[in-house]
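>>> Give me a model of this one.
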Amino acid sequence: MLDLVGITKVYRGGKRAVDEMTLNLKPGMLGLLGPNGAGKSSLMRIAATVTRPTSGQLFFHGEDAVARPQALRQALGYLPQDFGVYPNLTSREFLMYLAAAKGLSARSAKARIDELLELVNLTEAVKRPLGKYSGGMLRRVGIAQVLLADPQVIIVDEPTAGLDPEERVRFRNLLSDLAADRVVLLSTHIVSDIESVASDIAVVSNGRLRTRGTPEALLRSADGRVWEVLVDPGSVPLIQSRYTVIRMVRTTEGVRIRLLAQERPYEEAVPLTPDLEDAYLTVIRGASGEEGTPSFGERRLQHKARAV
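Below is the predicted model:
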């Protein structure tokens, strides 16, 4: 239904944000997982026909969507990472404006907007100007505008940024329902955003596709590579320099460390069953952690470990 073939995006100065990436998308949800700076947003903008690739092809139902983007745009709901609004308009006024731009009649738009405002839990704030909305509320307006025209292709870039835990769960469940009969492409660096809803996961870093498959297949890539060891606090810096540390917990007995290693790192280390975050970091960093200094996105994943 939507095919990205050999997509490359090179920005001024030679920065290669996307490097010959190919993704074939059919109805269902694909979770695009990778650290900040991995090229996810550049790829999403190309898939949404916002920007053109330097090279490569984009097809929608077999038609060249780079040369002729209109059919894809009519079927598309897109939420970029940075979503702008008119601060003096209310949410209903803003959505009515967008509905008119999408070609919806005033009658059908009003009914649809009322439904969506209830869906994203904004009915009580409908009379307030958007300039007085919190960041999370604005994100919910963005989610509502994605669904205005009942799109067949939904592309959302870091959609849960600014949402509280209850809202994140509600939105993930909504996307899961929508993916039953349409293409949903969700980009995030937060593993929990996709682990419970995406049956298809693509991991990207440095502009390249590293792996794609089911969560179960991704988990198998980390089998035998996740360990836990209890050490004294003085040993922590050495362990961090040698291995990818997932998290650390300080206890009365010492520091309990969860780490990645191809083989048992210490005699007293205990093997653990991997979770999706372990598998993700196995792909991104390699089990030995020898791929150099972690990126900002990877450091965020390890934030709890460093905050003891």
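>>> Backbone dihedrals for residue 107, please?
phi -70, psi -50 (degrees, to the nearest 10).
>>> Tell me, how many residues neighbour the closest residue to residue 145 other than its chain neighbours?
Nearest in space to residue 145, with sequence neighbours left out and distances taken as Cβ to Cβ, 6 or more residues apart in numbering, is residue 98 at 5.2 Å. All C-beta atoms are positioned from the backbone trio N, CA, C, and that covers glycine. By other Cβ atoms under 10 Å, 18 other residues sit near residue 98.
>>> Which residue ranges of the chain form strands?
Remark: strands assigned in the chain by DSSP state E are 2-10, 16-25, 28-33, 55-60, 63-64, 76-79, 153-157, 183-188, 200-205, 208-213, 226-231, 244-251, 254-260, 270-271.
>>> Low-confidence regions, the stretch 201-308 of the chain specifically.
Low-confidence segments of the stretch 201-308 of the chain (pLDDT under 70): 286-308.
>>> and if we set it to 50?
287-308 (pLDDT under 50).
>>> Quick one: residues contacting the spatially most central residue of the chain.
For the chain, residue 188 is the residue whose C-alpha lies nearest the centre (Cα atoms, centre = their mean; 1.6 Å). Contacts for residue 188 (Cβ atoms under 8 Å, 6 or more residues apart in numbering) come out as 31-33, 40, 158-160, 194.
>>> Including pLDDT and distance to residue 271, could those go into TSV?
Below are those laid out as TSV (pLDDT from 0 to 100; distance: Cβ to Cβ, whole Å):
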residue	pLDDT	distance to residue 271
31	94	27
32	95	30
33	94	24
40	95	32
158	87	34
159	85	35
160	83	32
194	87	25
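>>> Redo those as CSV? Include distance to residue 46 and neighbour count.
Below are the contacts of residue 188 laid out as CSV (distance: Cβ to Cβ, whole Å; neighbours: other Cβ atoms under 10 Å):
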residue, distance to residue 46, neighbour count
31, 18, 23
32, 12, 30
33, 18, 29
40, 11, 27
158, 16, 21
159, 18, 25
160, 22, 22
194, 20, 24
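>>> Tell me how far the closest residue to residue 184 other than its chain neighbours lies from residue 60.
Spatial nearest neighbour of residue 184, chain neighbours left out: residue 29 (4.2 Å); criterion: Cβ to Cβ, 6+ apart. Per Cβ to Cβ, to the nearest Å, residue 29 is found 18 Å from residue 60.
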